[in-house]
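Visitor: Next comes the sequence, and after it the predicted model I'd like to discuss.
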Amino acid sequence: MVVGYAHFPNQGVYVREAGAVYYNIWRHAAEMFSGDEYYDVVMAGYDKYFANHDLWVKSEGKLTNDVDLRDVLKPKVWLAMEKLWFPNKPEEADIFTDWLSLVVTFPDYRTRWTPVLRSVHGIGKGSLVQEVLRPLLGAHTVKEVDYKRTVGAFSGELFLNRLIVMNEVEATSPEQYNRLKTIVSDDYHFVERKGEQPFDAKMPFATLMFSNKEKPLSIPKGDRRYWLPDFIKYPELWGETDAEQQAKAAEFFGYWRTALAEGGLKELAIFLRWLALNRAEMHDTAPASEGKDDIVSNRTEDASDKLVIYLQAKWHKGEGLKVSDLQSLFSPSLSDADVQRVLVDQGYVPSRHTIAGKQMRCWTKDGEAVDELHKPQHR
């Protein structure tokens, strides 16, 4: 008996998975190029690369630079986007383009982390979705949603697509972070539609998040799900006022869309295929980034200050403090180690005390006698 439906790339109409039978709703995206076109473009790139390399060797670097094969094959239309979004950060450009190539090339590749692109308005996030992602993946397999729709009661059906694009992300509470983390990294999701039997299914979708906020997420230390490159801003040469910058942005993306339509999209599709098959790095967890480190560091400092204020207002002499109780109040911003550090800085020391007839380890000011445990009070 068929229990539900899901995406099973490159498999038949009915698929048996974990002892259950599913109807396969996956359909192959339209090919952007033929095998001959792929071969011609790649071989032309190799010829150009070796010619440049030979000239570099013979001239001892005087007549040309030693350009990497990846850069030779990369279309100018995509190089322009990388330069706009990741200026002076080629390593971030590589991470994003690698992620994109894997998502586009391998329909069953499950990425358990998500890029979070933060930017000013009008810098091309919508153009990327409409002009690149939808044509390459299939318009019907790319869903643009907001946070509420993603974590709603009937959101499971969304994940039967290839790519979930979350716009205007702003999930700043620990509860919101916890609701998102299973969506980003779990393989199986519950599908419930009105009037139909609910079911679980394995779903190989990818997620991409956009936000205009500097700090769109509440991210704890040790997070492995989110990759945040630097905040994307307008180039300084685009002017100082909003009107000047928006006019330059409109001009840039007008040329960019024209270039895509005149063969640039096919060139990009070929490059992404080559990259995924030859060079792209697969990350099991989100790569490190200065952008995320800054958010985590600032949140930890803010939460530490709030814990100090909490202790000054809520703790009373004779009360013992449990690290786990305090950590639960400030999770996920502070770890147990963060709480202990704050307690030490504030003059609290750990020791064993008898409370209500039970021996237990707790913290108190300067090792004073303890009469009772402090009861956590929500801030």
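Guide: Arrived safely.
Visitor: Show me where the stretch 1-150 of the chain has its strands.
Guide: Remark: strands assigned in the stretch 1-150 of the chain by DSSP state E, counting those that start in this stretch are 2-6, 14-17, 20-24, 114-118, 142-145.
Visitor: Those: lowest mean pLDDT?
Guide: Among these, strand 2-6 carries the lowest mean pLDDT, at a mean of 75.
Visitor: Tell me where the model's unsure across the stretch 201-350 of the chain.
Guide: When residues are selected by pLDDT under 70, those of the stretch 201-350 of the chain lie in 297-301.
Visitor: how about the strands of it, start to end?
Guide: Taking DSSP E, counting those that start in this stretch, the strands of the stretch 201-350 of the chain run over residues 206-211, 226-227, 319-320, 348-355.
Visitor: Which SSE is immediately downstream of the longest one?
Guide: This points to strand 348-355. Later in the chain than strand 348-355, the nearest helix or strand by DSSP states H and E is strand 358-365.
Visitor: other SSEs contacting the helix or strand that comes right after that following strand?
Guide: Past strand 358-365, further along toward the C-terminus, the next helix or strand under DSSP H and E is strand 372-373. The contact analysis (3 or more CB pairs under 8 Å, 6 or more residues apart in numbering; DSSP states H and E) places strand 372-373 against strand 319-320. C-betas here are computed from N, CA, C, even on glycine.
Visitor: again, only using 10 Å
Guide: Under the contact definition 3 or more CB pairs under 10 Å, 6 or more residues apart in numbering; DSSP states H and E, strand 372-373 sits against strand 319-320, strand 348-355, strand 358-365.
Visitor: For the last one, buried residues please.
Guide: I take that to be strand 358-365. Cys362, Trp363, Thr364, Lys365 (16 or more other CB atoms under 10 Å).
Visitor: got the angle for that strand vs strand 348-355?
Guide: Interaxial angle, strand 358-365 versus strand 348-355 (axes from the mean of the first three to the mean of the last three CA atoms, to 10 degrees): 150 degrees.
Visitor: what about the helices in the stretch 151-300 of the chain?
Guide: Remark: helices assigned in the stretch 151-300 of the chain by DSSP state H, counting those that start in this stretch are 174-185, 242-259, 265-278, 290-314.
Visitor: JSON lines please, covering these and showing mean neighbour count and distance to Glu17.
Guide: Output for the helices of the stretch 151-300 of the chain, formatted as JSON lines (neighbours: other CB atoms under 10 Å; distance: least, CB to CB, whole Å):
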{"stretch": "helix 174-185", "mean neighbour count": "16", "distance to Glu17": "19"}
{"stretch": "helix 242-259", "mean neighbour count": "15", "distance to Glu17": "40"}
{"stretch": "helix 265-278", "mean neighbour count": "20", "distance to Glu17": "25"}
{"stretch": "helix 290-314", "mean neighbour count": "15", "distance to Glu17": "34"}
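Visitor: Which stretch among those helices approaches Val67 most closely?
Guide: Of all the helices of the stretch 151-300 of the chain, helix 265-278 sits nearest to Val67, with 14.8 Å by CB to CB.
Visitor: what's in contact with that closest one?
Guide: For helix 265-278, the surrounding residues in contact (CB atoms under 10 Å, 6 or more residues apart in numbering) are 31-33, 37-42, 45, 69-70, 73-78, 81, 94, 97-98, 100-106, 109, 131-132, 135-136, 257, 259-260, 280-282.
Visitor: Tell me what angle that helix forms with helix 242-259.
Guide: Per the same axes, to 10 degrees, the angle that helix 265-278 makes with helix 242-259 is 80 degrees.
Visitor: Enumerate every residue touching the residue lying closest to Pro87 once chain neighbours are set aside.
Guide: Counting by CB to CB, 6 or more residues apart in numbering, Pro235 is the residue found nearest to Pro87 once chain neighbours are left out, at 7.2 Å. Counting by CB under 10 Å, 6+ apart, Pro235 makes contact with Lys83, Leu84, Pro87, Ile123, Gln245, Lys248, Ala249, Phe252.
Visitor: Right, I'll leave it there.
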